[in-house]
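Colleague: got a sequence here, can you build the structure:
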Amino acid sequence: QVQLVESGGGLVQPGGSLRLSCAASGSIFSIYTMGWYRQAPGKQRELVASITSGGITVDADSVKDRFAISRDNAKNTVYLQMNNLKPEDTAAYYCSANIRRTWADQTPITYWGQGTQVTVSS
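Modeller: Model (predicted):
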C-alpha cells in the first residue's frame, strides 16, 4: 500500500504564510511527478503546482510569485510554501504523486492524500 499524508494547513490572515508538507510512504519503487491541487466549495479541483523528479516545476497563474513547490526525493516528500495568502486561496489542498510500486509496474499510478484545509480570513 501507498499512503500520502499531508500536514501544515490551518487558519491564516491575509498576507500570511503557510507551508504544506506531503510525505509518501509504503511500497514505493519510484516517484515521478508530485503535485498540489486545491478545491474550494462549489468549484472543481484545480492544479496549484507540480514538480518532476528532476525538479522541473509548473505553477498555476493564480499563484505565481506567491507559492513555491519543492521536494526532497530522499524523504519522498513534497512541500508547498505559500506566501502572501489571499482569501481566494481558501480551499482544501490535496497532494498527488505518480508512483511505481515495484520495478515490474510498467506505468505509474496516481495516488492522493486526504487533503488539508487552508483558510485565509481576517
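
Colleague: can you give me the strands in the chain?
Modeller: 2-7, 10-12, 18-26, 30-39, 46-51, 57-59, 67-72, 77-82, 91-100, 109-112, 116-120 (DSSP state E).

Colleague: least confident of those strands, on average?
Modeller: Out of these, strand 57-59 stands lowest, with a mean of 93 (criterion: mean pLDDT).

Colleague: adding mean neighbour count, write the strands of the chain out as TSV.
Modeller: Every C-beta, even on glycine, is put in place using the N, C-alpha and C of the backbone. Shown next, in TSV, are the strands of the chain (neighbours: other C-beta atoms under 10 Å):
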stretch	mean neighbour count
strand 2-7	16
strand 10-12	14
strand 18-26	18
strand 30-39	20
strand 46-51	19
strand 57-59	15
strand 67-72	18
strand 77-82	23
strand 91-100	22
strand 109-112	14
strand 116-120	18
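
Colleague: middle-most residue in this structure, spatially?
Modeller: The centre of the chain sits closest to residue 36, judged by C-alpha atoms, centre = their mean, with a distance of 2.7 Å.

Colleague: pretty sure that one contacts residue 48?
Modeller: Yes: Residue 36 lies in contact with residue 48 (C-beta atoms under 8 Å); the separation is 4.4 Å.
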